[in-house]
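> All I have is the shape, not the residue letters:
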């Protein structure tokens with residue numbers, strides 16, 4: 001074979017960069033030349049990785065890409081972990097893009113569902129975050145990656161600051177298979193002026209200074225004012241019936257008011273139970289503002305983060321004993337590594353869902369909404385590859401002899417009914433029909449029921465891992481599903497037997513009275529309280545300020 005047979009990708013990259021040489025000074029593209037550079041770089045059918053995730057967005061690049069001439073740039077195969085911005089879908093309406101692989105689409109979930117139904121978007125797959133990034137190292141390697149950073153120097157070295165997140169992973173997948181890495185930076189500085197180098201310039205081909213700082217959503221901020229007695233009751237049930245019972249020391253919390261309530265109850269209700277130093281010490285999660293009181297009270301030993309959180313930059317920098325930070329003081333986040341830690345290194349995942357069926361399968365995909373899953377399926381399952389032991393893991397031990405092993409706690413916490421009287425617990429997930437109508441080979445289930453070990457509602461907790469049969473699992477879930485379609489199937493006598501056998505616990509079985517679930521138990525009752533707990537280091541975004 002000739003040498004050129006083995007260097008086609010390298011030659012292609014050289015040709016692409018040569019085609020836009022007039023737009024570039026060294027590695028720097030003038031902002032006014034970005035549109036021409038994109039039209040010169042991209043080829044029909046290219047795989048294009050467009051950052052970002054559920055918070056951080058390369059929005060200068062995405063807005064400019066949407067301005068491309070479809071006669072020049074078309075048929076793109078987009079790899080977008082979070083379809084969060086309108087122009088992400090404008091690309092498909094304008095026929096610049098044709099195929100989409102994604103992990104999450106929360107803000108655009110209704111629009112994307114309609115576009116899939118109308119045939120405007122062809123879905124490759126709905127992935128988890130780690131799954132999508134892993135495929136970038138196998139069969140979905142990008143031809144071009146469009147990324148973002150806080151600062152870049154003229155040699156292409158990048159400082160990503162507290163929102164490093166997915167940038168190193170996508171850059172590596174692209175750079176080392178001769179793809180083109182183009183990065184928007186909030187600021188371009190001279191060589192040697194970066195606070196630290198998070199990604200070396202050897203991985204980066206082109207940089208452009210953005211017209212404004214990249215978009216960052218405060219996705220994990222929850223205002224304690226919106227946490228009421230029902231959320232507090234569920235939090236008490238979870239702490240008493242799961243955290244304390246299994247001595248959970250390492251864990252991940254999903255997004256939501258339920259887990260925020262748990263965080264705010266640790267310094268109060270958790271302390272009353274004498275649990276400080278016994279539970280909730282090591283965390284994999286974004287820097288939740290509602291975790292500030294627990295950190296300040298000495299509950300938390302370590303937190304590794306998927307990404308940053310708007311307004312938490314000064315606080316994380318001031319707590320290097322807890323957070324992973326660089327010499328410059330800023331947080332070092334990494335979505336892939338934190339997802340792996342959440343998969344293999346923690347004892348428990350606890351999160352919520354929009355629908356749960358009678359077998360405890362759950363999904364956020366409902367009729368007319370296609371939001372994706374983010375990282376929940378990565379962390380919301382029992383990884384059979386785990387080999388290290390812990391008290392919590394062993395508390396769910398099963399099997400015999402050489403097959404004896406522990407199990408990760410996978411907990412669903414949900415209210416039996418959502419706003420508008422919509423039941424959370426249903427006979428069949430909407431995802432089944434949505435998947436069928438969209439031509440998906442399998443239904444878009446988020447977390448499979450056989451991985452779920454516990455379900456917590458305001459009615460109590462179902463210890464599904466204890467159930468000897470599918471019939472028992474269904475009965476236990478029905479017992480705490482309230483007057484939903486699933487809960488109406490509960491049999492009173494059977495429920496009492498499940499309580500005696502320890503498969504179901506109601507609040508009174510855990511020593512909890514519903515009247516105790518009062519906002520006075522919250523360590524902070526407002527965003528302003530969180531600022532005070534932080535010593536003024538937390539700087540909440542404007543939409544959360546009412547003072």
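Here it is on my side, so go on. Just so it is clear, the model here is predicted, and its values are computed rather than measured.

> low pLDDT regions in the stretch 301-450 of the chain?
Residue ranges of the stretch 301-450 of the chain with pLDDT under 70: none are present.

> tell me the helices in it, going along the chain?
313-317, 335-340, 376-379, 391-394, 430-437 (DSSP state H, counting those that start in this stretch).

> what does the stretch 151-300 of the chain give?
167-175, 229-238, 245-246, 257-265, 271-272, 292-296.

> returning to what we had before: what's the closest of the helices of the stretch 301-450 of the chain to residue 347?
helix 391-394 (3.8 Å; C-beta to C-beta). (Each C-beta comes from the backbone N, C-alpha and C, glycine too.)

> returning to what we had before: wait, which of the helices of the stretch 301-450 of the chain is closest to residue 287?
Ranking the helices of the stretch 301-450 of the chain by proximity to residue 287 (C-beta to C-beta) places helix 313-317 first, at 5.3 Å.

> quick one: pLDDT of the spatially closest residue to residue 41 that is not a sequence neighbour?
Excluding the flanking residues, the one nearest residue 41 by C-beta to C-beta, 6 or more residues apart in numbering is residue 16, at 5.2 Å. Predicted confidence (pLDDT) for residue 16: 98.

> swap in residue 2?
With respect to pLDDT, residue 2 has a value of 55.

> Ok, the one 10 residues further on next?
Predicted confidence (pLDDT) at residue 12: the value is 97.

> and the longest helix for this protein?
Assignment by DSSP state H gives helix 8-19 as the longest helix of the chain.

> distance between that helix and the chain's centre?
For helix 8-19, the separation from the chain centroid amounts to 35 Å (computed by C-alpha atoms, centre = their mean, to the nearest Å).

> Show residues contacting that helix.
4, 24, 40-41, 43, 177-180, 205-206 (C-beta atoms under 8 Å, 6 or more residues apart in numbering).

> What strands line up against the next helix or strand after that helix, and which way round?
Once the chain leaves helix 8-19, the next helix or strand it forms, by DSSP states H and E, is strand 24-25. Looking at strand 24-25 with DSSP bridges, its partner strands are strand 28-29 (antiparallel).

> Remind me what the helix or strand that the partner strand is followed by packs against, helices and strands.
On the C-terminal side of strand 28-29, the closest following helix or strand by DSSP H and E is helix 34-41. If you count contacts as 3 or more C-beta pairs under 8 Å, 6 or more residues apart in numbering; DSSP states H and E, helix 34-41 packs onto helix 8-19, helix 59-65, strand 180-189, strand 206-209.

> can I get the ones you listed in a markdown table with mean neighbour count and distance to residue 410?
Supplementary listing: the helices and strands packed on helix 34-41 in a markdown table, determined by neighbours: other C-beta atoms under 10 Å; distance: least, C-beta to C-beta, whole Å:
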| stretch | mean neighbour count | distance to residue 410 |
| --- | --- | --- |
| helix 8-19 | 14 | 41 |
| helix 59-65 | 23 | 34 |
| strand 180-189 | 22 | 36 |
| strand 206-209 | 24 | 42 |
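
> Can you tell me which of the ones you listed is nearest to residue 277?
Using C-beta to C-beta, those put strand 180-189 closest to residue 277, at 41.1 Å.

> can you pull the pLDDT of the residue nearest to residue 63 when sequence neighbours are not counted?
Nearest residue to residue 63, sequence neighbours excluded (C-beta to C-beta, 6+ apart): residue 87, at 5.5 Å. At residue 87, the pLDDT value in this model is 97.

> And the contacts of the helix or strand hosting residue 87?
Taking DSSP H and E as the definition, residue 87 sits inside helix 86-93. By C-beta under 8 Å, 6+ apart, the list of residues contacting helix 86-93 from outside reads 50, 59, 62-63, 65-66, 76, 78, 80, 83, 97-98, 100, 108, 111-112, 115, 120-121.

> which of these are buried?
Among these, those classed as buried by 16 or more other C-beta atoms under 10 Å are 50, 59, 62-63, 65-66, 76, 78, 80, 83, 97-98, 100, 108, 111-112, 115, 121.

> And for the residue nearest to residue 63, the neighbour number?
For residue 87, the neighbour count with other C-beta atoms under 10 Å is 19.

> and if you look at residue 360?
Neighbourhood size, residue 360 [other C-beta under 10 Å]: 26.

> same question, the one 4 residues further on
Here the count is done by other C-beta under 10 Å, and residue 364 has 23 residues near it.

> And it, how far from residue 134?
Going from residue 364 to residue 134 by C-beta to C-beta, to the nearest Å gives 21 Å.

> ranking the helices of the stretch 301-450 of the chain by burial, who's on top?
Compared across the helices of the stretch 301-450 of the chain, helix 376-379 shows the largest average neighbour count, a mean of 26 (mean count of other C-beta atoms under 10 Å).

> Centre of the chain to that one, how far?
8 Å.

> Stretch 467-481 now?
29 Å.

> and what of stretch 445-461?
19 Å.

> Regarding that stretch, how distant is the last residue from the first?
One end of stretch 445-461 to the other measures 22 Å (C-alpha to C-alpha, to the nearest Å).

> List the buried residues in that stretch.
445-449, 451-461.

> Check stretch 405-421 too.
With burial defined by 16+ other C-beta under 10 Å, the residues of stretch 405-421 counted as buried are 405-417.

> mind listing which of those are in strands?
In strands, judged by DSSP state E, the following of the buried residues of stretch 405-421 are found: 409-413.

> of those residues, closest to residue 523?
Taking C-beta to C-beta as the measure, residue 523 sits nearest to residue 413 out of these, at 18.9 Å.

> Hmm, the closest one is touching residue 459, no?
No: Residue 413 sits out of contact with residue 459 when judged by C-beta atoms under 8 Å, with a separation of 11.9 Å.

> that older thread, run the chain-centre distance for the helix holding residue 87.
In terms of C-alpha atoms, centre = their mean, the centre of helix 86-93 is found 22 Å from the chain centre.

> Helix or strand next in line after it, which one?
Downstream of helix 86-93, the next assigned helix or strand under DSSP H and E is strand 97-104.

> now the angle between helix 86-93 and that following strand, please.
140 degrees (axes from the mean of the first three to the mean of the last three C-alpha atoms, to 10 degrees).

> Report how many residues lie close to residue 427.
That count, for residue 427 with other C-beta under 10 Å as the rule, works out to 11.
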